[in-house]
Every structure is written in C-alpha cells, then in structure tokens.
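# mind looking at a prediction? Sequence and model below.
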2 protein chains.
Amino acid sequence: MALAITLDNLHNMINIPDILKRNSLSITDGRMKILELFYNSEGALAHADIEKKTGLAVDRVTVYRTLQTFVEKGIIHQVPTTDNSILYALCKHDCEKGHHHDNHVHFVCNQCEATVCLDEVTVPSVKLPVGFRPVQAAMIVTGLCKNCI
Amino acid sequence: MALAITLDNLHNMINIPDILKRNSLSITDGRMKILELFYNSEGALAHADIEKKTGLAVDRVTVYRTLQTFVEKGIIHQVPTTDNSILYALCKHDCEKGHHHDNHVHFVCNQCEATVCLDEVTVPSVKLPVGFRPVQAAMIVTGLCKNCI
DNA sequence: GTAACTGCAAAATATTTGCATCCTT
DNA sequence: AAGGATGCAAATATTTTGCAGTTAC
C-alpha cells in the first residue's frame, strides 16, 4: 500500500536540530521553538506572531536576533508586502545553502490576512522599458485563499 | 507661500492647488510642498525623504497625516517593497477619483536605491493553484535603472 | 464664524545596542 | 574552557494621539 504522507509525518521527517547544525548554528531552545513554529504554520509570520506564540519562552530581543540570523543563513526569507509589514517565511527549496530562491509568488488573503508562499508558481518575467536591467522580481497576489473562498 | 514653478510642472501644466481642490482638501503650505515634492521627484519617496526635504517647513506629524490623507484620496499610493520600507508614489493616471489603479510594475534600483513606477508596464497575470481567487497583483523588479547602468 | 489643519508635547510601539550571565560545543 | 547565545535594561527610532492655537474658506 502507498504510504500516506500526512502533514504529521511530513513534520516528523523534518529534523529541526539538523537544520540548525547544517547552518553552523548552535542548537538552542529559542531557535528550535521558532523554527518549529515556521514548520507548523501555513503561511508567513510576522515578528509579533512569533512573539505571541512563543510567549515568555523566548525573549523579544532573541526573536529579533534569531529572525535576522535565519535570514542571513537562508533558512527563512522576508516576504514582500504591499503594505509595510515585515513577514518571514521558510525557504522551501534549498535556500539553506545560503542563496535565496524565493522567486515564487506570494499570496495574501484579504479575509484571513494569511500570507502564503505559492512555491509552485514562479514569478513571470516582464518586458521592461529601455534602460532598465532586471535582476530579480517579486510578485504579490491578494485575494481569497482556499480557506476563505 | 509661493509655489515654485519648475520647468517640469509648468510644461505638464500641473496645478498643485487644483489637485487639492479636486480632492476637497484645503490648500495649505504643507500639502503643497509635499505634493510638489512628489511631482518633482523621479521615483517613490519614503516618509524620511519627505521629512528631510521639507525640513522645518513641515512638522513630522503633519507629514504622516498628509501622506495618509493623500493615500485615502488616491493622490498617491503605497509602493510595495521587498524589504520593509514604506514608500509612496504619485498615482499617475486617474487615481484621484478615489480608486487606485496602481497595477503597474515597480522597479527598485540596487545601485541608487531609487524606486520608480513603470506606469507603462502592467503586472502580468499568473495561474494560481486551485482554491486561490486572485483580486489584485503587485510586482517589484529589482536591478539597475537607466541612470546606473 | 466654523470646520479643517497644524504644531507641539507626550504616549505608545517598534527596533537596536551593551553587557553580564548562561549554555552549547 | 571558549565562544556563542540569551535575557535584561536601556537607548533609539518610529508612529500615533490629544489638544490648543491657527488658517482656509
């Protein structure tokens, strides 16, 4: 019989300490808790979300420093937004190696406010006016997500 | 206060007080100065840019309030960014009527840091996974602008 | 004259930095 | 043991709010 891959055993396949180790980061409670949060969350997270969910377990300053570290290591990336909020999301593919490959479309739900990475949808290229040399492109689509339709 | 008539807005026959009037806003020094700034600037502006350029002429709080008012009226729009900065740019077409039509691509120069609206380049549509209903899309391209190539 | 707008002060938030202590390796 | 990571306190920075005085209409 085929092995059913549920969310749960998908998570079991992910080894949080290992990810930290691969990125030459010491394995600490705070980093584990925060990284776990990302793996257990559907969409992108703001600093405030993380602070709320970790509660007293992790200091506010540590959250700032951890997010910064994770971005530098390529474990998470900053999600572009149309407003001015700062969101972070896991680099699903192989950003862990230090290069970000977040050229996928980000979707923001107007209803539930969640931001999700549509890893399978790549940003289309556009023709720019003469004189502009493109290097990277980001795209944000807003609308209704599957939970809110 | 005397409105400085630059070659540019003279040529385009842009009447700053008129724009305010059309939007049922009283014509004040601060609003004129700030709106003028937008018309005389190539790209998008951050709150800090405006504060620096208006100097003591306009209070910091007034800048915040004016930007908010202008966005509400559809005179300017918030520019999506890949980092977390807040940028504003003129709505070039007919956003003054209260609806935003900023579905154009925004370009950020890695060299000079300027953000410009590519009004002539519209955001392409993408095919989303089942369950996502798109309403709006934004796109940010980074690279080198014509001045920095 | 009246409503709208501004500036100032201060409150509320958000982010960064320094340093002593603790924990991972 | 040593270097890195954390927590706490405090310094900065950013944004919002209240209110009294001023200005546009």
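Sure thing, it's come through.
# for the helix with the most length in chain A, what is the average pLDDT?
Longest helix in chain A by number of residues, with DSSP state H as the criterion: helix A:60-73. The pLDDT scores in helix A:60-73 average 95.
# same for that helix, what does it pack against?
In terms of contacts (3 or more C-beta pairs under 8 Å, 6 or more residues apart in numbering or on different chains; DSSP states H and E), helix A:60-73 is packed against helix A:29-40, helix A:47-54, strand A:76-79, strand A:87-90. C-beta coordinates here come from the backbone N, C-alpha and C atoms, glycine included.
# what about 6 Å?
helix A:29-40, helix A:47-54 (3 or more C-beta pairs under 6 Å, 6 or more residues apart in numbering or on different chains; DSSP states H and E).
# looking at the ones you listed, which is nearest to DNA strand D?
Comparison of the helices and strands packed on helix A:60-73 against DNA strand D by C-beta to the nearest atom of the strand identifies helix A:29-40 as nearest, at 3.5 Å.
# which other residues reach that closest one?
With contacts defined as C-beta atoms under 6 Å, 6 or more residues apart in numbering or on different chains, helix A:29-40 is touched by A:14, A:16, A:20, A:50, A:53-54, A:58, A:62, A:66, A:90.
# of these, which is the nearest to A:V135?
Nearest to A:V135 among the contacts of helix A:29-40, counting by C-beta to C-beta, is A:L90 at 23.3 Å.
# spit out the contact partners of that closest one.
A:38, A:76.
# that one bridge partners, please.
A:L90 has these beta-bridge partners by DSSP bridges: A:I76.
# could you find the closest non-adjacent residue to the spatially most distant residue from the centre of chain A?
Centroid-distance maximum for chain A: A:V130 at 34.0 Å, with C-alpha atoms, centre = their mean. Excluding the flanking residues, the one nearest A:V130 by C-beta to C-beta, 6 or more residues apart in numbering or on different chains is B:K146, at 7.7 Å.
# longest strand anywhere in chain A?
Taking DSSP state E as the criterion, chain A has its longest strand at strand A:133-144.
# now that strand, how far from the chain's geometric center?
Distance of strand A:133-144 from the chain centroid (C-alpha atoms, centre = their mean, to the nearest Å) equals 16 Å.
# shouldn't A:V116 be in contact with A:H106?
No - A:V116 sits out of contact with A:H106 when judged by C-beta atoms under 6 Å, with a separation of 7.3 Å.
# what about those two, which has more around it?
Using other C-beta atoms under 10 Å in any protein chain shown, the more surrounded residue of A:V116 and A:H106 is A:H106, with 26 against 20.
# then whichever strand or helix holds that one to CSV, C-alphas only?
If you go by DSSP states H and E, A:H106 is part of strand A:104-109. What follows is strand A:104-109, C-alpha atoms only, in CSV (Å, rounded to 0.1, in the frame of the first residue of the first chain):
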residue,chain,number,x,y,z
HIS,A,104,7.8,32.4,-6.2
VAL,A,105,4.6,34.3,-6.0
HIS,A,106,3.3,35.3,-2.5
PHE,A,107,-0.4,35.3,-1.8
VAL,A,108,-2.1,37.4,0.7
CYS,A,109,-5.7,36.6,1.8
